[in-house]
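Peer 1: this one's structure only:
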C-alpha cells in the first residue's frame, strides 16, 4: 500500500544527554540524569522502567510539557531543544509534531467521535470540512468509521482507544508518545492495539514510543529502552511477530 | 457528512430554544411601543333617555308647633309625653299662676267698684239735670214776673245765677259720668287682660298633632318664648330635599318623585315635588325643595334620611351614548370615535342624562358611529388599539 | 474551528437549561424589583395625569394634598375661577381610609370629585360614571370591587357603578371616587360617639346653651357637624396661558400654595418615593451581587468538572485563548438563557403583584447588558482556575 508522505519525519526523534532537576540547592531532585534515546520514523520502541525511575519525567520532556534542565532534542530532523528551547511556541509543537495516546482514551466527551479526531487539524487551522475528511480517513483506517457520528460514551473501550489513536495521528506528527496504552486490556486486545500501532507507524512514517510494563506486549518490541534512576539504556527486544 | 444526534434530544433542544425565543418575543411586545391598548366599542344608537334629578333630604313636618308661655314663669304641670297624639284645644301643660289669681281678683274688684262709680255718677247727673231744669223753669217764671214788674232786677239776676250754677253742675256731673265710665272701661279691660294672661298659662294644642319633644319638666323655670312642648302634625311629613344646583335644571312643582328611606333601604315610595324654595343655599350650592309622599307610610320619624329621585320627561329618539364613553381631552369634552380602526377625538355636545348612564348627544356624532367606551389606559390620536367585547376588569401590563 | 462552548452546552443541555432557569428566576426577581420602582414612579405620574389638572392649589405652606395634609375652605375655588387664564377650578378631597365590603376592609384612597370637573376618573373599564348626586362610587380594579357591589364608607353605603384602572395613590392604594359632598362628610364628619359627646359638651357650656336664646344650641351643633372643607382645588389653564404665571399669582395674592405639574412630580417622586427608591436600589445591587456570585459559582463548578478535558486539550495543543473563550461563552450563554427566562417570568408574574410593576423595554436592554457583563466577570474565577491547570497532569504518574 502507499504510505502517505510525511515530510520532516525522516529522522523520527532523538534525545541526547537529557537531564531534569526539580528544585534547587539541598532539596534538589535529579529526576533525569542522562537520558538518550533515538527512534526512527516508522519504528515502534518500548520504554520500560519502574515507578520513580524518571519515566514520566522523560515522557513529559518528550511531550514538551516541562522544560528539561539540559540536553538536546531533535524532532523530525529539527533541533527543538539544546540546553534551552529552540522553538518559541511549545503548544504548536505539541499540536503539530507530537501525538499523545494516554492510559485511558481521554476523549472529549462533548464532541462526537469525528470531531474528537477532527479537532486536531482544526486547532492547526484547517477548515472544518477538510479536518473532518482527514478524520474520516483515519477512522476508516482504524476500522471505527461506522461510529463516526456517535457520542464517545456510546463506544466500547476498544473503540474509544482506536479513536484516541486516530486523534494522535490526525496532524501527522513525527512522533507519538503512548503512555501504557494496553494497561487495561486483555492479551488479545493488547496485541490488536500493538498491531494497529505498528501499522500506523509504517503507514504514516511516525516514530512511536510506547511506555509500558505490560508483559503481554513487551516481547513484541524489536528495541527496548530501559530507564532506571534517571538513566536510559538500550536493549534488543524479542521482536515477536504480531500476525 | 450528516451528524446523527439522537432525535429526541435534538427535538428537546429545538423545543427549548423555540420556547425561549417565542417567550422573549412575547415579553418584548407586551410593554413598549408595540403594545396595543385594549378597548371596547359601541355604536351610537337612537333611543329614549329619561333624565332625572336626585338628592338627599330629611323628613320634616310641615306643620310643627312650639308651645311655651308668653311670660317667664314656672311650669306647673305637663300632661302629655313624647309620642302622645293630641287633639286641637286639648290642654297639654300649665304654668304656675303665681300671683295672677290674686291680681285677677283685685282687677275684678276694681272693675266692680268702677261700675258702682258709674252708677253714682249717673245718679248725680240725673240730680243735676233735674236741678237745672228747675232752675231754668224758675228763671223763666221769674223773668215773666220781672217783665210784669213784680220782681226786682236783682232778684232776676239771682235766679239767672242759679241757672248758670245749675248748668255748670250739670256739666260737671256729665263729665264725672264720662270719666267714671272711662274708668270702668279701663278697669274692665285690665280685668280682661289679667284673665287672658291667666288663660295663657294654659298651653293648649293648636291642632291635631303628635308630641315630638318635652322640653321642660314641672318645676322648671322657663322664659317667655321658650319651648315647653314641641308638636308636629305627623300627617304633614315631607322630605325636605337638597338638590345640587348644577344638576337641578328642569325642576317643576308637581313632578313625580320616588323616595327611598334610609330605614327601609329596599322600598321606594312614590311622591311628588310640592314646593321649590325661592331661596337657595349659596354656601352648599343646593336648592331646597319639599317632596311629599303620595301615601304616607307608617312609622316615619322626623329627621330620617331619605334619597329622593325626580324623573323628568323622557327625551325620545335621541342619539345616545353610554356616559363611560365621555372623556376629557385637550380641555374639551367628547368621545373617541373609531375611524378606520384608529381612534380620533371629537368634541360632543351633550343633552339629557339618565340615571342608567345613557347620555343624549346633541351635536358631534351620527347614528351608527362607533365610539370607544372602555379602555385600559388613556388614548391618543391614532393609537394602536385592539377591540374586545369586555375588559372584564382584569389586570393588563 | 467548532465552538467548544456550544458543543459543551448542547452536550449537557438539560443541566445547562435547568441552571439557566434558576438563574433566570433570580434575574426575573431583579427585573421585577426594578419594575416595582418604575411602577411607583408611574403611579405618581399617572395619578397626576389622570387628575386632569394643570395646577394643584393647596393650603399655604403645605406640600399637599398627597404628600402632606392640606385644608381649604370649599368656596376658595370661586376666587380662583375669577383669575385670568383659569379654565376650570374644582374642589377635590383625598383621604386614605378603610372601605368595608361585607366583612372585609380594603385600604383605599377615597377621592371626592365633581362630575365633569378635574379630579374625576379619566376613563373606565367597566360600568358607568356616577349619575346620582349621592351614594354612588367608581372604584379602581385593584380594590377588588365589582360593578353592582355595595361598599361602606364611614356612615353610608355606596353602590359601585363603574370601574377604572391605574387610579392609585402614590402609596399604591386603589382610589374610590365618590361625590364631593359625600367625601367631605366622610372625611370631616366624626363618628356617632364623638358627635354625641361633642353635643353633650356644647350643651354643658353656658355660652352656647342660653335659655333666653332658643335655637342657639341647635345652631351651634349644626355648625359643628357641617363640613365646608376640601383638601385641594384642581385648576386647568386656558390655552395660551402659562401655568407657572398663574401659580405665581395664586401664591402671591391668594395666600394659598399652588404647584405646577412639574413641581408636583418633584414632590411625589423626589420626596415621597425617595426612600422606597433607595431601598429598591440597594436591593437591586444586592441581587446583582448575588447573581454574579451564583453565576461565578456555577461556571466555576462546571469548569472544575472538566479539569481532565482541559488538561488534555492544553496538552494536545489548544491555545489558552480558546479555552478561555469556551468558559466565557458558556457564562454568556448561561446569562442569555437566564435573561430570557427572567424577562419572561417577570412579564408573566408582574401583573399578579399588588403594586403596579412596569417593565420598561430600556430597563430590559440595560438589564441584558448588565447580565452579560456580570456573567463575563463572574467567569474570571473559572478562567483563573482553568489557566492554572497543568497539561502535564494528563500524563499520569
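Peer 2: Received the coordinates, thanks. What you are looking at is a predicted structure, and each value in this text was computed from that prediction instead of being measured.
Peer 1: When you work out contacts or count neighbours from here on, use the C-alpha atoms and nothing else.
Peer 2: Noted.
Peer 1: quick one: secondary structure of the residue of chain A found nearest chain C?
Peer 2: Using CA to the nearest CA, the point where chain A gets nearest to chain C is residue A:95, with a distance of 4.2 Å. Using DSSP: H, G, I helix; E, B strand; the rest coil as the criterion, the local structure at residue A:95 reads helix.
Peer 1: what kind of secondary structure is the residue nearest in space to the middle of chain A in?
Peer 2: What sits nearest the mean C-alpha location of chain A, by CA atoms, centre = their mean, is residue A:177, with 1.7 Å. Assigned by three-state DSSP, the conformation of residue A:177 is strand.
Peer 1: Residue A:73 contacts residue A:82, correct?
Peer 2: Yes - using CA atoms under 8 Å, residue A:73 is in contact with residue A:82, at 6.6 Å.
Peer 1: who's more crowded, the two?
Peer 2: Of the pair residue A:73 and residue A:82, residue A:73 is the one with more neighbours under other CA atoms under 10 Å in any protein chain shown, namely 27 against 17.
Peer 1: give me the element that one is part of.
Peer 2: strand A:70-75 (DSSP states H and E).
Peer 1: ok, and what's touching that strand?
Peer 2: By CA atoms under 8 Å, 6 or more residues apart in numbering or on different chains, the list of residues contacting strand A:70-75 from outside reads A:9, A:11-20, A:79-84, A:97, A:174-175.
Peer 1: Put the buried members of these into a PyMOL selection.
Peer 2: Of those, the buried ones go into a single PyMOL selection, burial set by 16 or more other CA atoms under 10 Å in any protein chain shown:
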select buried, chain A and resi 9+11+12+13+14+15+16+17+18+19+20+79+80+81+82+83+97+174+175
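Peer 1: Filter the contacts of strand A:70-75 down to just the ones in helices.
Peer 2: Mapping those onto helices (DSSP state H) picks out residue A:97.
Peer 1: Spell out the secondary structure type for the residue in the stretch 201-350 of chain C positioned nearest to chain A.
Peer 2: Residue of the stretch 201-350 of chain C nearest chain A, by CA to the nearest CA: residue C:317 (4.2 Å). The local conformation at residue C:317, judged by three-state DSSP, is coil.
Peer 1: Report pLDDT for it.
Peer 2: Looking at residue C:317, its pLDDT reads 90.
Peer 1: so who does the closest residue to it other than its chain neighbours touch?
Peer 2: Closest residue in space to residue C:317, ignoring its immediate chain neighbours: residue A:95 at 4.2 Å, by CA to CA, 6 or more residues apart in numbering or on different chains. By CA under 8 Å, 6+ apart, the contact set of residue A:95 is A:120, A:123, A:124, A:171, C:315, C:316, C:317, C:318.
Peer 1: and the gap between the closest residue to chain B within chain A and residue A:181?
Peer 2: Of all residues in chain A, residue A:149 sits closest to chain B, at 5.5 Å by CA to the nearest CA. Going from residue A:149 to residue A:181 by CA to CA, to the nearest Å gives 24 Å.
Peer 1: same thing with residue C:36?
Peer 2: Counting by CA to CA, the separation of residue C:36 from residue A:181 is 63 Å.
Peer 1: Okay, the residue in the stretch 251-397 of chain B positioned nearest to chain C and residue C:125: tell me how far apart.
Peer 2: Here the residue of the stretch 251-397 of chain B nearest chain C is residue B:374; by CA to the nearest CA that distance is 4.5 Å. Note on residue B:374: its distance to residue C:125, by CA to CA, is 4 Å.
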